[in-house]
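Have a look at this prediction, sequence included:
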Amino acid sequence: MAYEHISVARLNKDTADYIQRFDSRLVTLTDADTDTHKVFLSNTKVFDGLYVGKRLAEFCDAVLKINRHVKFGVAKRVKHEFIHGTNRQSLAEVWVYMPEHDYAMMRIGYADYAVRGSGDTKFGVYSRLLQNDKFSTDRDQYHMATSDNLERILKTVKKIMRPYTPHDSANVTFEDYQTKVHQNVWRANGAAREAKDAVMGLNDLRNELFALYDLGYEFASETLKDKIGKWKIAASEMAMAEATKRDTYYVNVLLQGDELICNVISVHNVRQINGVSPTHAAQTFKMEDLPEDIAEKVATLGMVDNGHYVEGVGMKVSDTRFWIDRT
């Protein structure tokens, strides 16, 4: 499984849904068994509305001491633990994020992280900045560090608890955008092949070729003439699509204080590169200073759905992030 980039927008929604469902269950359970509820509360701690177990609570408290601005959230695929004697579950994992950024920085937990489950619980951190070559790249453990010692795992946390840079954020959706750009060439290729096959498959092609010789290149079949004309146009469009370089901007809009700031990364020849690197030039603009051609396309993409691509304009990633075609 590839690394799970969790957007803060999705995290906020999933967390709100989780809290609503969990609080509803707690109300029902409290009415049924007050003593059990007291045991549950004594073995959990609440962070940003989430009930976590004691050891994870220690981890969360320690992370807050490193950065008091972080928040904790829940996505759909996280571990839980049963509180002994209550038959109720608390969270064994949470995502750590900063509200003003696009993606969560990491996932932390206190759980069994063995591949097949050994029953031993450890502190664990899951991050895009970790690679553990003891595991295959399709396992969560490849992007994890674990330890039975809190201080030791915190040393790792301090190294990798970094928000996504604009370049990091661009790379999360780069492949999707690149695929959509490629699709224009694939469609042009398909149209060119279909047009050519329509000509080559005609039964009267041989006779028409003879007629070209006998009649001095005067077409006897208007159908053939029409199809050859369409083939020529399609082949020309295919060649243009393949030869055209696609340059783009990746635009990331952030709210800093009361001001909208736009980070703009210039990316050249999207079809020929493997991703966005820190060497790609980045500029920062106030919203009112954003170049007119970029601002107009951002406004246009603001009216379409996330993930929608408009030829010559770009692709909307979210309400604050856009790929802009440079035309």
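That came in fine, so what should we check first? Numbers count the residues shown, from 1 in each chain.

show me where pLDDT drops low in the stretch 51-200 of the chain?
85-86 (pLDDT under 70).

same thing but at 90, please
Applying pLDDT under 90 to the stretch 51-200 of the chain flags residues 75-90, 114-120, 138, 181-200.

just the helices in it please.
54-66, 150-160, 166-200 (DSSP state H, counting those that start in this stretch).

so residue 198 makes contact with residue 231?
Yes: if you go by CB atoms under 8 Å, residue 198 and residue 231 touch, sitting 7.4 Å apart. From N, CA and C alone the C-beta is placed, and that goes for glycine too.

Comparing the two, which shows the higher neighbour count?
Neighbours were counted for residue 198 and for residue 231 using other CB atoms under 10 Å; residue 231 has more, 20 against 17.

And stretch 48-63, what's buried?
For stretch 48-63, the neighbour count (16 or more other CB atoms under 10 Å) marks 50, 51, 52, 53, 55, 56, 57, 59, 60, 62, 63 as buried.

Who does the strand or helix carrying residue 322 pair with, and is each partner parallel or antiparallel?
Per DSSP states H and E, residue 322 falls inside strand 321-325. Using DSSP bridges, strand 321-325 pairs in its sheet with strand 248-256 (antiparallel), strand 314-318 (antiparallel).

right, and those - which one's nearest residue 118?
Residue 118 lies closest to strand 314-318 among these, at 39.5 Å (CB to CB).

Show the average pLDDT along that closest one.
Average pLDDT, strand 314-318: 95.

How far off centre is it?
Between the centre of strand 314-318 and the centre of its chain there are 12 Å (CA atoms, centre = their mean, to the nearest Å).

Ok, stretch 180-195 next?
The chain centre lies 26 Å from the centre of stretch 180-195; the measure is CA atoms, centre = their mean.

confidence score at residue 211?
53.

ok, now the one 3 residues further on?
We note a pLDDT of 52 for residue 214 in this prediction.

What of the one 4 residues further on?
What the model reports as pLDDT for residue 218 is 67.

Repeat that for residue 32.
56.

do the same with the one 10 residues further on
At residue 42 the predicted local distance difference test score is 85.

Export the helices of the stretch 51-200 of the chain as CSV, with columns for distance to residue 137.
What follows is these, written out as CSV (distance: least, CB to CB, whole Å):
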stretch, distance to residue 137
helix 54-66, 26
helix 150-160, 18
helix 166-200, 16
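
wait, which of those is closest to residue 101?
Comparing those under CB to CB, the one sitting nearest is helix 166-200, at 8.3 Å.

That closest one vs strand 248-256, what angle?
Angle between the axes of helix 166-200 and strand 248-256 is 150 degrees (criterion: axes from the mean of the first three to the mean of the last three CA atoms, to 10 degrees).

Can you name every helix or strand that helix 166-200 contacts?
helix 222-243, strand 248-256, strand 259-267, strand 314-318, strand 321-325 (3 or more CB pairs under 8 Å, 6 or more residues apart in numbering; DSSP states H and E).

7 Å instead, please
Helices and strands touching helix 166-200, by 3 or more CB pairs under 7 Å, 6 or more residues apart in numbering; DSSP states H and E, are helix 222-243, strand 248-256, strand 259-267, strand 314-318.

Can you give me the buried ones in the longest one?
Within helix 222-243, the residues that qualify as buried by neighbour count (16+ other CB under 10 Å) are 224, 227, 228, 230, 231, 234, 235, 237, 238, 241.

thinking residue 246 is in contact with residue 271, fair?
Yes: counting by CB atoms under 7 Å, residue 246 touches residue 271, with 5.7 Å between them.

Please identify which of the two sits among more neighbours.
residue 246 (20 against 14).

For the more buried one, which non-adjacent residue is spatially closest?
The shortest distance from residue 246 to any non-neighbouring residue, by CB to CB, 6 or more residues apart in numbering, is to residue 270 (4.5 Å).

what's the burial count for that neighbour?
Count around residue 270 with other CB under 10 Å applied: 20.

Contacts only, for it.
Listed by CB atoms under 7 Å, 6 or more residues apart in numbering, the contact set of residue 270 reads 178, 181, 246, 248.

Please name the nearest non-neighbouring residue to the first one.
Translated: residue 178. Nearest to residue 178 is residue 270, by CB to CB, 6+ apart, at 5.6 Å.
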